[in-house]
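*Asks:* Provide a 3D model corresponding to the input given below.
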Amino acid sequence: MTEMTSLAGFAGVALVLGAYYANQRRWLSAQDRRFPLANLIGSCLILVSLSAQWNGPAAAIEISWAAISLWGLVRRWRRSHRA
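*Replies:* The predicted model follows:
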C-alpha cells in the first residue's frame, strides 16, 4: 500500500510542478481550465500519499490548494453556463 501511495504522491507532484512550469513558460495560461484541474488532481494525489504517512502541515497546504483549484473550476463552469 505504501508503494502505491508514494507513486500517487509523485504523480501529484509531477502534475502540480508541470502545470506551474508550463505557466511560467507561458505554454499554459492560468486562465486555461487545465491549469486548476492539474493542480486539483495533483493535490488530491499528494493527499493520497499523505494517508500512508500523515503530515499535518503538508495536508493543510494540499487541502487548501485543492479547494482553491476547485473554486476556480466551479467559478469558470458557472460563467460558461450562464443564460
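*Asks:* contacts and neighbour counts: CA atoms only from here.
*Replies:* Will do.
*Asks:* contact partners for the residue lying closest to residue 6 once chain neighbours are set aside?
*Replies:* Distances taken as CA to CA, 6 or more residues apart in numbering put residue 49 closest to residue 6, at 5.3 Å, once the chain neighbours are dropped. The contact partners of residue 49, by CA atoms under 8 Å, 6 or more residues apart in numbering, come to 2, 5-9.
*Asks:* if we go to 10 Å?
*Replies:* The contact partners of residue 49, by CA atoms under 10 Å, 6 or more residues apart in numbering, come to 1-12, 43, 59.
*Asks:* for this structure, what spans make up the helices?
*Replies:* Per DSSP state H, the chain carries helices over the ranges 2-24, 34-52, 56-80.
*Asks:* buried only: go through the contacts of residue 49 for me.
*Replies:* 5-6, 8-12, 43, 59 (16 or more other CA atoms under 10 Å).
*Asks:* how close does the nearest residue to residue 38 once chain neighbours are set aside sit to residue 67?
*Replies:* Once flanking residues are discounted, residue 38 sits nearest to residue 15: 5.7 Å by CA to CA, 6+ apart. Residue 15 sits 16 Å away from residue 67, going by CA to CA, to the nearest Å.
*Asks:* those two: who's more crowded?
*Replies:* residue 15 (22 against 15; other CA atoms under 10 Å).
*Asks:* so what's the more buried one up against?
*Replies:* Going by CA under 10 Å, 6+ apart, residue 15 touches 9, 21, 35, 37-43, 45-46.
*Asks:* neighbours of residue 33, how many?
*Replies:* 15.
*Asks:* and the pLDDT at the residue nearest the centre of the chain?
*Replies:* By CA atoms, centre = their mean, the mean C-alpha position of the chain lies nearest to residue 39, the distance being 2.2 Å. As predicted, residue 39 sits at a pLDDT of 97.
*Asks:* what does residue 83 give?
*Replies:* Note on residue 83: pLDDT of 56.
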